[in-house]
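S.K.: okay, here's the prediction I keep looking at, along with the sequence it came from:
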Amino acid sequence: MTEEKTEDGPGLKGEIALPEEEDVLAPVVPGGLDQAHPSVPALRERFPDAFLRHEVTGGDEHVVFVAPDRTFEILQWLKEDADHFYNFLSDVTAVDYGGGRPLQLVYQLYSIPHRRALRLKAELPLSELEADSVVPLWQAANWLEREVWDMFGIRFRNHPDPRRILMPEHYAEGHPLRKDFPLRGRFSRAEQTRRALSQEVEDYYVPSELGPGREPQLVRWRELSGAPKATAKPDVDPTPEDGGGS
Amino acid sequence: MSDNHEAPRNDPPEGGLPAGIFGQGSPTFLTTKLDFVVNWARRNSLWPMPFGTACCAIEMMASAASTHDLARFGMERMSFSPRQADVLICAGRVPYKLAPVLRRIWDQMPQPKWSVSMGACASSGGVFDVYSMVQGIDTIIPVDVYVPGCPPRPEALIYGLMMIQEKIRGETLALHGELRREPPEDAGRPNADAVTVEALSLPFGNSTNQNRASGLIHPIPQERPGDRIP
């Protein structure tokens, strides 16, 4: 392949003075980063001790790190204050960067009247993976927080239905999306197969489970159907003591 | 004998044979082997129970559509009830959470029954050598035909079903009780013992060690401290 030079630009080997990476990614905002998003300075002013830091990723996505024990208070204010009014909870998820670093609990908010998005993060140390449930604020958080509990092992205080949602209810190998979780699980394939076939199928596929906003009716359904009780007792999750990477 | 005495050709002539389907004097019966008749009936009226969980199910639907037309081979009707089904087509990946469903559907199908494992994921777990995925449905149910592919083309699935037809052609009723024995205590159990399940999963990796490059893969199943009884 021959090297060709274009007339209006340097060639492949030409010296190009690339700008610094920070200069490329950071948006140029008059008055500083805070002014680009109205909720960020308001949060900084309202919660000076809980507001930890502020980042901008992807050009215009504003991320606010807050103290983990104040999330409910901050989210309630963000939802109910008329100037912000984040009435739509897009997502609740978490990120594990491994290496013993704290898990990041992520709330992705959207304000439909203001047409603004905001991402709130709380860094939870591996020793105390607990947060307040926001189901009283947004009903949508119910299944999302169940998923975060299932996949990352973050407990939500005052959650109305704190069960696993994706993995089987008596799953005892831990929380699969944690970085210290081995890819193929902790048990042997034979043990996994045996445990899978010992689960009660009806637990997951009763119509009452599939309807939104229903109370969990598993116990009542078992009584009505005369089905035997589950023989497999749910184990305590073997959450590893070392929070480090695998 | 027909009730219609007006039709003279159905009446037996003087001292002759009754009229058969091939005309006057042809026989009204034939001799054959019972195995042949039973197998002929079975293999030409296989009703599939579709257990489609992933993209393989799209190809299975294409097999039943007009271009490939699975009905030509007797798979006239996809039986969405296992009670009326003859052949289970497991098309797609099966997570462990779905394993008891697959096993129960297999247990609900009446004998005689056959099963097709369609695609790489159903046959071996495919690329999904992970914590949540069954490493081949033959650890859950017995499998007659494995159809390779990711996903297999409809021709491949039809060829797999024709192999089942060939398998039925060789069956005999004399061995029915032995081949089709289904102890009730086996319902809902794995299709193999623990060592066999491990051996089936072993070529694709060891479940407790992170990767093959770690050098910790054992050639035989190991007693692991993490294994415990619920």
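M.R.: Good, I have the coordinates. Residues are numbered from 1 along each chain as shown, chains lettered A, B, ... in the order given.

S.K.: in chain B, where is pLDDT below threshold?
M.R.: Along chain B, segments meeting pLDDT under 70 span B:1-28, B:201-230.

S.K.: what sits against the residue nearest to A:L137 when sequence neighbours are not counted?
M.R.: Sequence neighbours aside, A:K79 is the residue nearest to A:L137 in space, at 5.4 Å (criterion: CB to CB, 6 or more residues apart in numbering or on different chains). Every C-beta, even on glycine, is put in place using the N, C-alpha and C of the backbone. A:K79 makes contacts with A:85-87, A:109, A:137-138, as judged by CB atoms under 8 Å, 6 or more residues apart in numbering or on different chains.

S.K.: buried residues, the biggest helix by length in chain A. List them.
M.R.: Selection of the longest helix in chain A by residue count, based on DSSP state H, yields helix A:141-152. Residues A:141-142, A:144-152 are the ones in helix A:141-152 that count as buried (16 or more other CB atoms under 10 Å in any protein chain shown).

S.K.: right, and A:Q108 touches A:R119 too?
M.R.: Yes: the criterion here is CB atoms under 8 Å, and A:Q108 meets it with A:R119 at 5.5 Å.

S.K.: can you tell me the SS state at the residue nearest to A:L109 when sequence neighbours are not counted?
M.R.: Setting aside the residues directly before and after it, A:L109 is nearest to A:Y86 in space (CB to CB, 6+ apart), at 3.8 Å. Using DSSP: H, G, I helix; E, B strand; the rest coil, the structure places A:Y86 in coil.

S.K.: could you measure B:T67 against A:D161, distance?
M.R.: From B:T67 across to A:D161, the span is 47 Å (CB to CB, to the nearest Å).

S.K.: following whichever strand or helix holds B:K167, which helix or strand comes up?
M.R.: If you go by DSSP states H and E, B:K167 is part of helix B:154-169. The C-terminal neighbour of helix B:154-169 among helices and strands, as given by DSSP H and E, is helix B:176-179.

S.K.: how about residues contacting that following helix?
M.R.: Under the contact criterion CB under 8 Å, 6+ apart, helix B:176-179 has outside partners B:112, B:171.

S.K.: tell me where chain A has strands.
M.R.: With DSSP state E, the ranges of strands along chain A come out as A:51-57, A:61-66, A:88-95, A:103-111, A:116-124, A:130-132, A:155-157.

S.K.: mean pLDDT and mean neighbour count for those - can I get that in TSV?
M.R.: Shown next, in TSV, are the strands of chain A (pLDDT from 0 to 100; neighbours: other CB atoms under 10 Å in any protein chain shown):
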stretch	mean pLDDT	mean neighbour count
strand A:51-57	88	14
strand A:61-66	92	19
strand A:88-95	94	18
strand A:103-111	94	21
strand A:116-124	93	20
strand A:130-132	93	19
strand A:155-157	92	16
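
S.K.: quick one: which of the contacts of A:K79 has the most company?
M.R.: The most crowded member of these, judged by other CB atoms under 10 Å in any protein chain shown, is A:Y86 (27 neighbours).

S.K.: got the contact list for that residue?
M.R.: Per CB under 8 Å, 6+ apart, neighbours of A:Y86: A:39, A:75, A:78-79, A:109-111, A:116, A:118.
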